[in-house]
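J.: predicted model and sequence below, questions to follow.
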Number of protein chains: 2
Amino acid sequence: MIPSIGVDVALRRGEDMMELHIRELRKFDEPLYKWVKRGLIELIGLGTWRPAQAIPSERKLSEGFGVSMGTIRRALDELVDDDVLVRHQGRGTFVTAHDRNRYLFSFFNVCGHDGQRIYPVVNLIDFDSLRADAFVARSLSISPGAKVVRVRNLLTLKGVPTLVDEILLPAARFAGISRERVADRSGTLYQLYEEQFRQSVTRIEERLRATVANAQQAADLAVDPGYPLLHIVRRAFAVDGTPIELRHSFVKTEHYEYSRTLHEADRGRGRD
Amino acid sequence: MIPSIGVDVALRRGEDMMELHIRELRKFDEPLYKWVKRGLIELIGLGTWRPAQAIPSERKLSEGFGVSMGTIRRALDELVDDDVLVRHQGRGTFVTAHDRNRYLFSFFNVCGHDGQRIYPVVNLIDFDSLRADAFVARSLSISPGAKVVRVRNLLTLKGVPTLVDEILLPAARFAGISRERVADRSGTLYQLYEEQFRQSVTRIEERLRATVANAQQAADLAVDPGYPLLHIVRRAFAVDGTPIELRHSFVKTEHYEYSRTLHEADRGRGRD
DNA sequence: CAGTGGTCTAGACCACGTC
DNA sequence: ACGTGGTCTAGACCACTGG
């Protein structure tokens, strides 16, 4: 988009050309603040400002984008709502820093019957690639037949094999992904997506069903075929709203279970 | 900044009494828009504008409160976020009409495999009372042996028996509840709690497991014993944070499933 | 101290819905 | 045509943080 936005010097010279360039990239009938927001998302995605780093001040952004501070603030407000940015009065506005606990427990909802959270031990049991069938293509908003990477994990909680994951990723968004890079990571998969492929997960959608273990799952989880399992179908979405992961999880809920707290103000989120 | 000047001016013009009432509520060191917001909440609470009715336009509110339109808009923005108001461009701003859909779909997360929401048909199949055992007592924060009302419902979606509920209520909080009052209600159970017993549910906590149908459940849901069911244990909490309902739901997820969307900003809610 | 975000103003023009 | 909310401007002063 406009790689030099925010760098004060670049604006003064060639202002007219810049302005023209900016206006051309504007979408028809799109509010200015949405355009600013998209621009900032793009710049963050390009690594212009790293997590925990400050972005330019509102006044500089106002000058750089050529819009008023009110418009900048509106864009920043939405990015703060989306948890892409954090404001600190008197200090500046910062790209959100994501630590491992955040990702682990923000979207990992399995806990003991007493409600206690447990750190899972993750073991990679399979890594390969395949072509998207109709369902996968629709779920990931890609073309049928497009290349998809598949990761299978076994999660163990306090020595008890509890959960098997089958994770499908659109290969186009994860260029260069390999068994080694997945197996040798230090944090969660979502950290890997973010740090190595610039894909930040901001929203997930989950559907839960009850099912019974097939032969493979029974072997992985050390139960008999026919044992009841919680089947979670999850889609993870990037900042721009596109799905970047489709995940099937099968949970043995004998000692652990899936837990959520819902607030009245969240109504309507159940199905959007 | 002396907001009461604008208020006084408005009063001299004989607008109405709302400003007089609000003026006393002004706190020092509070942003103006927060004051406007509290004022509007109070006026709505007093019934100045009924649900589904329009409130005054932003320009009139600006004049009435003696603040700029930008400040009014900020207060309205937050009230829209809180779902107290709804905006309709070109028509006005309206007090949210809370109909049965609100409660139904705010905490009812079962939908079709295609994501479509369905209105369930509820049939009361049992109503009795019993004494709390240790688990129920702890779950409802009551004494073991205290009286508990039990309601059993069968929910049918598009003619398919899909869900059986066992609902446990602390009798002390639901004095005068009867089979008839539960069966003859027009809306949801949570509406009944709110309207007849002044118990508003603001938060729920859910834990999900996979299980298999016992004989009773199999008969209710028209499946064979051993069929996999989603078992949801729910606690509903009142405004003051005390639990007022313990509910076990058993869901046949053949055609319908449990669905949730989680946002990154919700992190930490999974286990609190 | 200078610079940041937080709040607020007093307008403007536009898109939309209703009459 | 008119009034509504939606967007946007070009400033202002404040509270807070850091050197």
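T.: Received the coordinates, thanks.
J.: give me the pLDDT value at residue A:19.
T.: pLDDT for residue A:19: 39.
J.: now for the residue in the stretch 51-200 of chain A that chain B sits nearest to, how many residues are close by?
T.: The nearest approach of the stretch 51-200 of chain A to chain B comes at residue A:106, 3.3 Å away (C-beta to the nearest C-beta). Just so you know, the C-beta spots here come from the backbone N, C-alpha and C atoms, and that holds for glycine as well. As a burial measure, residue A:106 scores 23 neighbours (other C-beta atoms under 10 Å in any protein chain shown).
J.: now it, what's its secondary structure?
T.: Following DSSP: H, G, I helix; E, B strand; the rest coil, the label given to residue A:106 is helix.
J.: now it: how far from residue A:173?
T.: 21 Å (C-beta to C-beta, to the nearest Å).
J.: how about residue A:81?
T.: From residue A:81 to residue A:173 the distance is 24 Å (C-beta to C-beta).
J.: hmm, who's touching stretch A:187-201?
T.: Residues from elsewhere that reach stretch A:187-201 (C-beta atoms under 8 Å, 6 or more residues apart in numbering or on different chains): A:45, A:47, A:84, A:98, A:100, A:103-104, A:107, A:151, A:167, A:173-175, A:177, A:181-182, A:185, A:236-239, A:244-245, B:264.
J.: what about it, how long is it end to end?
T.: Length of stretch A:187-201, first residue to last, C-alpha to C-alpha, to the nearest Å: 14 Å.
J.: in that stretch, which residues are buried?
T.: Residues of stretch A:187-201 classed as buried by neighbour count (16 or more other C-beta atoms under 10 Å in any protein chain shown): A:188-194, A:197, A:199-201.
J.: which one of those is nearest DNA strand C?
T.: residue A:200 (20.4 Å; C-beta to the nearest atom of the strand).
J.: residues contacting residue A:126?
T.: Residue A:126 touches A:150-152, counting by C-beta under 8 Å, 6+ apart.
J.: buried ones among the contacts of stretch A:187-201?
T.: A:84, A:98, A:103-104, A:107, A:151, A:167, A:173-174, A:177, A:182, A:236-239, A:244-245, B:264.
J.: any idea how chain A splits into domains?
T.: A:8-95, A:100-271 (automatic domain parsing).
J.: does any bit of the shortest one sit next to chain B?
T.: The reference is to domain A:8-95. Yes. Applying C-beta under 8 Å from any C-beta of the partner chain, one finds domain A:8-95 in contact with chain B at A:81-83.
J.: return the distance of that domain from the chain's centre.
T.: Centre-to-centre, domain A:8-95 and its host chain are 21 Å apart (C-alpha atoms, centre = their mean, to the nearest Å).
J.: how about the strands in the stretch 151-272 of chain A?
T.: A:160-170, A:201-212, A:228-238, A:243-251, A:256-263 (DSSP state E, counting those that start in this stretch).
J.: hang on, the earlier thing: of the buried residues of stretch A:187-201, closest to DNA strand D?
T.: Using C-beta to the nearest atom of the strand, these come closest to DNA strand D at residue A:200, 24.4 Å.
J.: where does the prediction get shaky in the stretch 151-272 of chain A?
T.: A:262-272 (pLDDT under 70).
J.: let me know the pLDDT of residue A:80.
T.: Residue A:80 is assigned 92 on the pLDDT scale.
J.: typo on my end, it should be residue A:51
T.: Per-residue confidence at residue A:51 stands at 86 (pLDDT).
J.: could you list the residues of chain A in contact with DNA strand D?
T.: Residues of chain A found near DNA strand D (C-beta under 7 Å from any atom of the strand) are A:31-34, A:67-71, A:74, A:88-91.
J.: among those, which ones are in helices?
T.: Counting by DSSP state H, the residues of chain A next to DNA strand D place A:32-34, A:69-71, A:74 in helices.
J.: and the furthest pair within the residues you listed?
T.: Maximum pairwise distance among those (C-beta to C-beta): 16.6 Å, between A:34 and A:69.
J.: buried among the residues of domain A:8-95 next to chain B? Need that as a selection in PyMOL.
T.: Buried residues among these (16+ other C-beta under 10 Å), as a PyMOL selection:
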select buried, chain A and resi 82+83
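J.: please report phi then psi for the residue in the stretch 101-250 of chain A that DNA strand C sits nearest to.
T.: Residue of the stretch 101-250 of chain A nearest DNA strand C, by C-beta to the nearest atom of the strand: residue A:239 (19.4 Å). When read as degrees, to the nearest 10, the backbone of residue A:239 gives phi -60, psi -40.
J.: gap between it and residue A:38?
T.: In terms of C-beta to C-beta, residue A:239 sits 10 Å off from residue A:38.
J.: what does the stretch 101-250 of chain A have sitting close to chain B?
T.: Contact residues, the stretch 101-250 of chain A versus chain B (C-beta under 8 Å from any C-beta): A:102, A:105-109, A:111, A:113, A:115, A:117, A:201-212, A:226, A:228-231.
J.: run a quick neighbour tally on residue A:89.
T.: Neighbour number of residue A:89 under other C-beta under 10 Å is 5.
J.: quick one, phi psi at it?
T.: phi -60, psi 130.
J.: pLDDT value on it, please?
T.: 93.
J.: excluding chain neighbours, what is closest to residue A:50?
T.: Leaving aside its sequence neighbours, residue A:50 sits nearest to residue A:95 (C-beta to C-beta, 6 or more residues apart in numbering or on different chains; 6.6 Å).
J.: doesn't residue A:44 make contact with that neighbour?
T.: Yes. When contacts are counted by C-beta atoms under 8 Å, residue A:95 is listed as touching residue A:44 (5.9 Å).
J.: between those two, which contacts overlap?
T.: Counting by C-beta under 8 Å, 6+ apart, the contacts common to residue A:95 and residue A:44 are A:55, A:84.
J.: quickly note the distance from residue A:91 to residue B:50.
T.: On the measure of C-beta to C-beta, residue A:91 and residue B:50 end up 45 Å apart.
J.: likewise residue A:202?
T.: 38 Å.
J.: looking at these two, which one has more neighbours?
T.: The residue with more neighbours, out of residue A:202 and residue B:50, is residue A:202; 17 against 10, by other C-beta under 10 Å.
J.: quickly note the distance from the more buried one to residue A:226.
T.: If you go by C-beta to C-beta, the gap between residue A:202 and residue A:226 works out to 38 Å.
J.: could you do residue A:144 as well?
T.: 33 Å.
J.: swap in residue A:163?
T.: 18 Å.
J.: which strand residues bridge the spatially most central residue of chain A?
T.: Central residue of chain A (C-alpha atoms, centre = their mean): residue A:201, 0.8 Å from the mean position. Following DSSP bridges, residue A:201 is listed with bridge partners residue A:238.
J.: so, in contact with DNA strand C or not, stretch A:66-86?
T.: Yes. With C-beta under 7 Å from any atom of the strand as the criterion, DNA strand C is reached by stretch A:66-86 at A:69-70, A:73.
J.: now these in TSV, with distance to residue B:159, pLDDT and neighbour count?
T.: Formatted as TSV, the residues of stretch A:66-86 next to DNA strand C follow (distance: C-beta to C-beta, whole Å; pLDDT from 0 to 100; neighbours: other C-beta atoms under 10 Å in any protein chain shown):
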residue	distance to residue B:159	pLDDT	neighbour count
A:69	58	95	14
A:70	54	94	11
A:73	52	96	17
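J.: ok so, going back, neighbour count: residue A:163 and residue A:226, which is higher?
T.: residue A:163 (26 against 13).
J.: surely that one meets residue A:118?
T.: No. In this structure, residue A:163 is not within contact of residue A:118 by C-beta under 8 Å, at 11.2 Å.
J.: now list whatever residues contact both of the two.
T.: In contact with both residue A:163 and residue A:118: A:110, A:157, using C-beta under 8 Å, 6+ apart.
J.: what segments of chain A are helices?
T.: Here chain A has its helices, by DSSP H, at A:8-12, A:15-25, A:32-45, A:58-65, A:69-81, A:100-107, A:134-140, A:179-183, A:189-197, A:215-221.
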